[in-house]
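> what's the 3D shape of this:
(one chain, ligands or ions: 1)
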Amino acid sequence: MEIGNKIKVFAPATVANVACGFDILGFAIDKPGDELIMEITAEKGVVIVDIEGDGGVLPRDPFKNSATVAIMDYLNFINADFGCKVWIKKMMPSGSGLGSSAASAVAGVFAINMLCEEKLTRAEMLPFLLNAEKAACDAAIADNVAASLFGGFILVRSYEPLDVLQIPVPEELYCAVINPHIIVLTKDAREILPKEIPLGKSLRQSANVGGIIVGLLRGDYDLIGRSLVDYIAEPYRSSLIPGFYEMKNAAIAAGALGGSISGSGPSVFALCKGKETALKAGDAMKAVMDKMGLGADVYVSKVNSVGPKVLPLG
Ligand code: HSE
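Have a look, this model is predicted:
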């Protein structure tokens, strides 16, 4: 690590919950994602030089921005006698349900770790990312940050202690995600959830978590589809997303295995066998938004197995 060293990185967006896995399942997608440039400085502390693409809404105070909260934790942990400055390029809005704050935080710790010759493992950096999520959304949830950091499809088996498992995904699994141009804050989407779950629902929910994992391991697409049922969040949060059931049903009619709300919404995802079906599912969801006169972006990709990566400085 030398003063003046510079790096540019990308960290992917994520789909959290995946219907049945409230706060415990998530996967990374190829697009969108956030970019971050970092330069090491002789002065201690972290400075945000610029944030592009957020319409001015994200905090420039390094103690409040998810990326810099995570970077500061990292620097404190390694007792750094240096600091850094960062430029952040947002490629998805906050409050989209695509893990926007998580992607920025992952880009931040990934960048500082690369500049520090990968001093820490990804698992060691995860607690910094939970603090960042707490700062950004008032909830230290690991599903988005773990999926973006490790890449692939993850299960948060335990929060205390943190135990994150990666689940292999079958080759032809694709995802279509639609991001309607409205904002749903995670904090608000959590507040509308009931504080207790009846026993019967809890049993059905955990059975589906088992089902999706067996489906992923066996490459059993029908089982994956049958398991995409959410008794905990979707019945409540769907009211925050105009046209939610129309989009979900349109995706299924177009051949998707199933779908639900991405993270805390308003984005909606559909899992599909094959790219062609995913493209059709994305188009079908977009047609619902078009009919309602609502703007929306659609992204189709495989599960992103790489996670964050270094980009050319350019
Ligand atoms: N699992 C979270 C939620 C998403 O649904 O509220 C943000 O990590």
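> Now do the same contact list for Val229.
Shown in contact with Val229 (CB atoms under 8 Å, 6 or more residues apart in numbering): Ala19, Cys20, Arg204, Asn208, Gly258. C-beta here means a position set from N, CA and C on the backbone, and glycine is covered the same way.
> how would you label it: helix, strand or coil?
In the three-state summary, Val229 is assigned as coil, counting by DSSP: H, G, I helix; E, B strand; the rest coil.
> Just the pLDDT for it.
Each residue has a pLDDT score; the one for Val229 is 98.
> Backbone torsions only: list them for it.
Main-chain torsions, Val229, degrees, to the nearest 10: phi -130, psi 130.
> Residue numbers of the protein in contact with the ligand?
Applying the criterion CB under 6 Å from any ligand atom, the portion of the chain that neighbours the ligand consists of Ala16, Asn17, Asp23, Ile141, Asp143, Asn144, Thr186, Ala189, Arg190, Ala233, Gly263, Ser264.
> Select, from the residues you listed, the two members most distant in space.
Between any two of these, the greatest separation by CB to CB is 14.2 Å, found for Asn144 and Ala233.
> Neighbour count: those two, which is higher?
Per other CB atoms under 10 Å, whichever of Asn144 and Ala233 has more neighbours is Asn144, with 33 against 24.
> and that one, helix, strand or coil?
helix.
> doesn't Ala102 make contact with it?
Yes - with contact defined as CB atoms under 8 Å, Asn144 and Ala102 form a contacting pair (3.6 Å).
> shared neighbours, these two?
When contacts are counted by CB under 8 Å, 6+ apart, Asn144 and Ala102 are jointly contacted by Thr14, Glu133.
> In the residues of the chain next to the ligand, which residue is surrounded by the most others?
Of all the residues of the chain next to the ligand, the highest neighbour tally under other CB under 10 Å goes to Asn144, namely 33 neighbours.
> Give me the distance between that residue and Leu155.
When distance is defined by CB to CB, to the nearest Å, Asn144 is 14 Å away from Leu155.
> how about the strands in the stretch 201-314 of the chain?
If DSSP state E, counting those that start in this stretch is used as the criterion, the strands of the stretch 201-314 of the chain fall at 258-261, 268-273, 296-302, 309-311.
> Walking through the chain, point out its helices one by one.
Counting by DSSP state H, the chain has these helices, from start to end: 66-77, 100-115, 122-137, 143-150, 186-191, 199-218, 221-227, 234-237, 244-253, 275-292.
> would you turn these into TSV with distance to Ile167?
Rendered in TSV, the data for the helices of the chain read as follows (distance: least, CB to CB, whole Å):
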stretch	distance to Ile167
helix 66-77	24
helix 100-115	18
helix 122-137	16
helix 143-150	11
helix 186-191	24
helix 199-218	5
helix 221-227	11
helix 234-237	21
helix 244-253	22
helix 275-292	19
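> Nearest to Glu160, out of the ones you listed?
Comparing those against Glu160 with CB to CB, the closest turns out to be helix 122-137 (10.9 Å).
> other SSEs contacting that closest one?
helix 66-77, helix 100-115, helix 143-150 (3 or more CB pairs under 8 Å, 6 or more residues apart in numbering; DSSP states H and E).
> could those helices go into CSV alongside mean pLDDT and distance to Ala287?
What follows is the helices and strands packed on helix 122-137, written out as CSV (pLDDT from 0 to 100; distance: least, CB to CB, whole Å):
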stretch, mean pLDDT, distance to Ala287
helix 66-77, 97, 34
helix 100-115, 97, 25
helix 143-150, 98, 28
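> Output stretch 20-35 as CSV, restricted to C-alpha atoms.
Coordinates of the C-alpha atoms in stretch 20-35 are reproduced here as CSV (Å, rounded to 0.1, in the frame of the first residue of the first chain):
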residue,chain,number,x,y,z
CYS,A,20,-39.2,-17.5,1.1
GLY,A,21,-35.9,-16.5,2.6
PHE,A,22,-36.7,-13.3,4.5
ASP,A,23,-33.4,-11.8,5.6
ILE,A,24,-31.5,-15.1,4.9
LEU,A,25,-31.4,-15.7,1.2
GLY,A,26,-29.9,-13.5,-1.6
PHE,A,27,-28.1,-13.6,-4.9
ALA,A,28,-26.0,-11.3,-7.0
ILE,A,29,-26.9,-10.2,-10.5
ASP,A,30,-24.7,-8.9,-13.3
LYS,A,31,-26.4,-5.5,-13.7
PRO,A,32,-26.9,-2.9,-12.3
GLY,A,33,-24.1,-2.3,-9.8
ASP,A,34,-22.1,0.5,-8.3
GLU,A,35,-18.6,1.7,-9.3
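> Tell me which residues touch Cys137, please.
Contact partners of Cys137, counting by CB under 8 Å, 6+ apart, are Ser101, Leu185, Thr186, Lys187.
> ok, now how distant is the closest residue to Ile212 other than its chain neighbours from Ala19?
Taking CB to CB, 6 or more residues apart in numbering as the measure, Ile212 lies nearest to Ser227, with 4.0 Å between them; neighbours along the chain are not counted. Summarising the geometry, the distance separating Ser227 from Ala19, computed by CB to CB, is 8 Å.
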